[in-house]
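Trainee: Below: sequence and its predicted model.
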Amino acid sequence: MVGRRGRPLGKVRPTPPHPPSVALRVAMVGGLAIVLLFVILFRLWFLQILSGSQYVALANNNRVRTVKIVAPRGSILARNGAVLVDNRPALDIGIRPMDVPAGQLGALARRLSPVIGVPAKAIVRRVQQNMWLPYDLVIVKRDASMTMVAYVLERTDSFPGVEIQHDYLRAYPQGDLAAHILGYLGEISPQQLKQARYKGYSAGDEIGQSGVEYTYDRWLRGVDGSLKVEVDAFGRPRGQLPGGHLPQPGDNVVLTIDSGVQRATEQALKYGISLAHQNGFPQANAGAAVVLDAHTGGVVAMASYPTYDPAWFAGGISAAHYRALTAPQADNPLLNRAIAGQYPCGSTFKVVDTVAALEEGVITPSTTLYCPGVYVNHGLVFHDWNPAGHGTIDVTQALVQSADTFFYQIGYDFYLRKGTVLEDWARQLGFGHVTGIDIPGEAAGLVPTPAWRRRTYTNPVDKLWKPGNSINLAIGQGDLEVTPLQLAVTYAAIANGGYIVRPHLGYSIETPQGTVLERIPTPPQHKLAVSPSYLALIRHALRLAASTPAGTSYGVFGNYPLAVAGKTGTAQVFGKEDYSWYASFAPADNPQYVVVVLIEQGGHGGTAAAPAARLIYDALFHVKGNTVGGIGHGD
């Protein structure tokens with residue numbers, strides 16, 4: 001075959017087929033594309049048709065903010081109706097993390113820091129600690145001034161995520177009265193949030209950190225309300241929306257204390273300290289006092305000096321105030337010496353000796369002992385406060401005159417018994433363990449025993465319980481450690497016929513309108529197995545100690561119109577001046593109140609503590625026109 005021009009035509013070759021592998025690949029890619037297209041279409045259908053309403057709701061939530069309305073905390077009142085703690089309105093400045101542009105927290109903190117007076121690093125740290133709750137408002141400045149608030153509100157574009165919140169802060173109409181009893185508030189810590197006690201609380205909540213504020217927090221704390229607010233893309237409020245609920249104020253707590261007696265007790269402490277200064281004890285700058293209902297254990301007054309202003313903690317304590325409270329020269333004003341100060345109690349302990357010696361048959365009410373000015377035992381010399389001695393006296397006069405050498409002999413008799421009888425009676429009468437008062441921070445004190453020495457000391461000689469340990473314990477010295485509250489419980493048992501009371505401050509819970517919701521039950525008591533005649537003997541002796549010329553507090557109470565029964569104590573503390581104690585109750589024939597006063601480094605018990613106690617009795621029994629006449633003497 002030839003072409004049109006006579007040229008032979010070439011042989012036509014067929015197109016070769018695609019290899020099987022290439023065809024398979026094309027088919028797989030096409031199939032995958034179809035599957036992906038199907039998935040995308042299904043996902044769009046799922047989001048728009050099945051889940052559309054859910055995402056609409058989320059979008060709405062993104063423009064709706066729930067603003068917390070802080071509930072006012074309940075008030076704290078004295079039993080006589082005086083308001084001790086109340087509330088005042090305040091404004092807080094906070095940051096809502098979700099409204100802060102990504103990566104801008106540091107810059108925001110640097111702009112906000114000079115406005116609110118909080119370091120930028122502290123602002124960042126606080127917000128980062130709460131990033132796990134991005135919707136919540138993180139408070140970075142409580143009790144902000146109107147100048148701070150106005151500056152932020154006028155420049156909202158410069159402070160994205162920064163909001164103003166209304167708040168209530170604690171107010172103290174009576175000033176620093178009863179500060180150690182009331183306690184203070186502080187922001188809840190991450191550790192506290194994990195405790196079962198704080199279930200339902202949130203980061204940033206203010207809670208009681210000490211005193212009554214701590215113990216009765218769940219009554220005092222109200223229920224916060226909420227408000228729905230619509231915001232724009234920058235988090236700025238545009239209007240209020242339906243929903244939310246009103247806050248519920250906390251309940252009021254009424255205490256057993258009497259505000260008038262409390263004020264007199266605090267003034268009496270200062271008076272006792274001033275007397276100590278006049279008597280040549282310039283280092284006397286601290287003390288404590290307790291007034292108990294002798295039969296119920298209700299705390300009528302309790303004071304510790306030096307004290308502090310609880311208003312400093314409202315809204316968060318400043319660095320300057322914290323330094324003032326913790327400086328060495330401040331002498332630890334945050335310490336409640338009435339429940340946490342631990343001291344030897346000197347001759348006030350002699351009532352314990354008397355109970356133990358009479359009950360265990362070491363002596364009888366008619367036993368007489370010769371009491372010279374010194375007592376020598378195993379070559380050791382123990383001095384009496386009176387170098388001339390007391391002659392031959394019985395236990396009644398031993399208490400009246402506070403004869404050390406009489407009780408040295410009793411202490412040695414207990415040592416010879418090789419037991420812990422005296423120590424056991426001390427524990428029964430309230431020493432060596434907490435009393436159970438309804439505020440935190442109470443110390444247990446210490447009643448030393450042979451077993452305690454073996455556990456405590458490493459030197460073989462120090463591990464031994466020697467005669468001197470029992471002899472010193474008998475006059476409230478040595479390793480004995482007692483709180484003023486424990487001593488008040490002991491003297492309440494002497495006064496009320498042998499019942500160990502549990503001190504308490506809570507009296508009742510009331511609504512904000514004053515309706516009583518519940519009476520706080522009086523804690524249970526337990527009865528000591530002590531002969532009523534022995535307790536009567538001790539009460540009589542303590543009355544004579546305050547009303548007869550031989551008594552150690554006669555100079556203070558000898559001509560007092562109220563029958564007071566009391567015992568002085570002059571405790572020696574290594575490296576310091578003597579501590580001044582007075583433990584007492586009145587009226588002597590029908591005791592109602594127990595009064596215990598301690599003046600640290602105040603000298604003799606009759607010259608500083610006893611006159612201070614007299615001022616407290618003036619307030620308790622409305623004694624008018626009375627001035628402290630003389631001063632006491634002795635141990």
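Mentor: Looks like it arrived, so ask away.
Trainee: Domain ranges for this protein, per the record?
Mentor: 65-97+123-129+141-154+163-255, 259-325+336-621 (automatic domain parsing).
Trainee: burial count for Met28?
Mentor: 10 (other CB atoms under 10 Å). Just so you know, the C-beta spots here come from the backbone N, C-alpha and C atoms, and that holds for glycine as well.
Trainee: looking at the domains of the chain, which is buried most?
Mentor: Ranked by mean neighbour count, those are led by domain 259-325+336-621 with a mean of 21 (mean count of other CB atoms under 10 Å).
Trainee: What's the mean pLDDT across it?
Mentor: Here domain 259-325+336-621 scores 97 as its mean pLDDT.
Trainee: Need the domains of the chain in JSON lines (columns: distance to Asp635).
Mentor: Below are these laid out as JSON lines (distance: least, CB to CB, whole Å):
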{"stretch": "domain 65-97+123-129+141-154+163-255", "distance to Asp635": "29"}
{"stretch": "domain 259-325+336-621", "distance to Asp635": "4"}
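Trainee: Nearest approach to Phe38 belongs to which of those?
Mentor: domain 65-97+123-129+141-154+163-255 (35.7 Å; CB to CB).
Trainee: Please state the offset of that closest one from the chain centre?
Mentor: A distance of 19 Å separates the centroid of the chain from that of domain 65-97+123-129+141-154+163-255, by CA atoms, centre = their mean, to the nearest Å.
Trainee: what does stretch 95-109 give?
Mentor: On CA atoms, centre = their mean, the centre of stretch 95-109 falls 37 Å from the chain's centre.
Trainee: longest strand anywhere in this structure?
Mentor: If you go by DSSP state E, the chain has its longest strand at strand 83-95.
Trainee: quick one: contacts for the residue nearest to Tyr554 when sequence neighbours are not counted?
Mentor: Of all residues not flanking Tyr554 in the chain, Thr548 sits nearest, at 6.1 Å (CB to CB, 6 or more residues apart in numbering). By CB atoms under 8 Å, 6 or more residues apart in numbering, Thr548 lies in contact with 400, 554, 558.
Trainee: would a markdown table of those residues with distance to Gly625 and secondary structure be doable?
Mentor: Listed next are the contacts of Thr548 as a markdown table, based on distance: CB to CB, whole Å; DSSP: H, G, I helix; E, B strand; the rest coil:
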| residue | distance to Gly625 | secondary structure |
| --- | --- | --- |
| Val400 | 29 | helix |
| Tyr554 | 21 | helix |
| Gly558 | 17 | coil |
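Trainee: Adding distance to Met131, write those residues out as JSON lines.
Mentor: Formatted as JSON lines, the contacts of Thr548 follow (distance: CB to CB, whole Å):
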{"residue": "Val400", "distance to Met131": "70"}
{"residue": "Tyr554", "distance to Met131": "70"}
{"residue": "Gly558", "distance to Met131": "70"}
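Trainee: which ones are touching Pro591?
Mentor: 294, 495-496, 539, 565, 585.
Trainee: right, I mislabeled it, should have said Tyr499
Mentor: 295, 492-493, 525-528.
Trainee: and it, bridged to which residues?
Mentor: Applying DSSP bridges to Tyr499 gives these bridge partners: Lys527.
Trainee: follow-up on the earlier one: minimum distance to Val35: which of the domains of the chain has it?
Mentor: That would be, of those and by CB to CB, domain 65-97+123-129+141-154+163-255, which comes in at 38.1 Å.
Trainee: What mean pLDDT does that closest one get?
Mentor: Mean predicted lDDT for domain 65-97+123-129+141-154+163-255 stands at 89.
Trainee: again with stretch 29-38
Mentor: 72.
Trainee: For it, what is the distance to the chain centroid?
Mentor: 71 Å.
Trainee: quick one: contacts for the residue nearest in space to the middle of the chain?
Mentor: Geometric centre of the chain, nearest residue: Ser210, 2.7 Å, by CA atoms, centre = their mean. Counting by CB under 8 Å, 6+ apart, Ser210 touches 183-184, 439-441.
Trainee: Select, out of the domains of the chain, the one closest to Gly31.
Mentor: That would be domain 65-97+123-129+141-154+163-255 among the domains of the chain, by CB to CB, at 43.6 Å.
Trainee: Turn the contacts of Tyr499 into JSON lines, including distance to Ser113.
Mentor: Listed next are the contacts of Tyr499 as JSON lines, based on distance: CB to CB, whole Å:
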{"residue": "His295", "distance to Ser113": "58"}
{"residue": "Ala492", "distance to Ser113": "55"}
{"residue": "Ala493", "distance to Ser113": "58"}
{"residue": "Gln525", "distance to Ser113": "56"}
{"residue": "His526", "distance to Ser113": "58"}
{"residue": "Lys527", "distance to Ser113": "63"}
{"residue": "Leu528", "distance to Ser113": "62"}
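Trainee: and of the residues you listed, the nearest to Ser366?
Mentor: Leu528 (22.9 Å).
Trainee: so the closest one touches Arg427, yeah?
Mentor: No: checked against CB atoms under 8 Å, the pair Leu528 and Arg427 is beyond contact range at 11.3 Å.
Trainee: the helices in the stretch 251-400 of the chain, which residues?
Mentor: Counting by DSSP state H, counting those that start in this stretch, residue ranges of the helices within the stretch 251-400 of the chain are 259-278, 319-326, 337-340, 350-359, 395-401.
Trainee: same thing with the stretch 1-150 of the chain?
Mentor: 20-45, 52-62, 105-116, 120-129, 146-154.
Trainee: now Ala545, nearest residue through space, not along the chain?
Mentor: Gly551 (3.8 Å).
Trainee: my guess is the one you found contacts Leu544, does it?
Mentor: Yes: counting by CB under 8 Å, Gly551 does reach Leu544; the two are 5.8 Å apart.
Trainee: which neighbours do the two share?
Mentor: In contact with both Gly551 and Leu544: Val400, using CB under 8 Å, 6+ apart.
Trainee: quick revisit: any idea which of the contacts of Thr548 is closest to Asn285?
Mentor: Using CB to CB, the contacts of Thr548 come closest to Asn285 at Tyr554, 28.1 Å.
Trainee: quick one: that closest one from Ala78, how far?
Mentor: 34 Å (CB to CB, to the nearest Å).
Trainee: Which of the helices of the stretch 251-400 of the chain sits closest to Gln248?
Mentor: helix 259-278 (27.7 Å).
Trainee: by contact count, what packs against the closest one?
Mentor: Here helix 259-278 touches strand 286-293, strand 299-305, strand 593-600, helix 610-621, going by 3 or more CB pairs under 8 Å, 6 or more residues apart in numbering; DSSP states H and E.
Trainee: Select, out of the ones you listed, the one closest to Ala71.
Mentor: Nearest to Ala71, of the helices and strands packed on helix 259-278 and by CB to CB, is strand 299-305 at 28.5 Å.
Trainee: Just give me how far that closest one sits from the chain centre.
Mentor: Distance, centroid of strand 299-305 to centroid of chain: 14 Å (CA atoms, centre = their mean).
Trainee: between that strand and helix 610-621, what angle do the directions make?
Mentor: Strand 299-305 and helix 610-621 are oriented at 150 degrees to each other (axes from the mean of the first three to the mean of the last three CA atoms, to 10 degrees).
Trainee: who touches strand 299-305?
Mentor: Outside strand 299-305, the residues touching it (CB under 8 Å, 6+ apart) are 178, 180-181, 255-258, 261-262, 264-266, 268-270, 273, 286-293, 335-339, 341, 437, 485, 503-505, 593, 616, 620.
Trainee: Stretch 530-540 too?
Mentor: Stretch 530-540 has contacts (CB under 8 Å, 6+ apart) with 351, 354-355, 358-359, 365, 395-396, 399, 494-495, 497-498, 565, 588, 591.
Trainee: Pick the one among those closest to Gly30.
Mentor: Nearest to Gly30 among the contacts of stretch 530-540, with distances taken as CB to CB, is Gly498, at 100.9 Å.
Trainee: Now for the residue lying closest to Ala264 once chain neighbours are set aside: which residues touch it?
Mentor: Nearest residue to Ala264, sequence neighbours excluded (CB to CB, 6+ apart): Ala619, at 3.4 Å. For Ala619, the contact set (CB under 8 Å, 6+ apart) comprises 260-261, 263-265.
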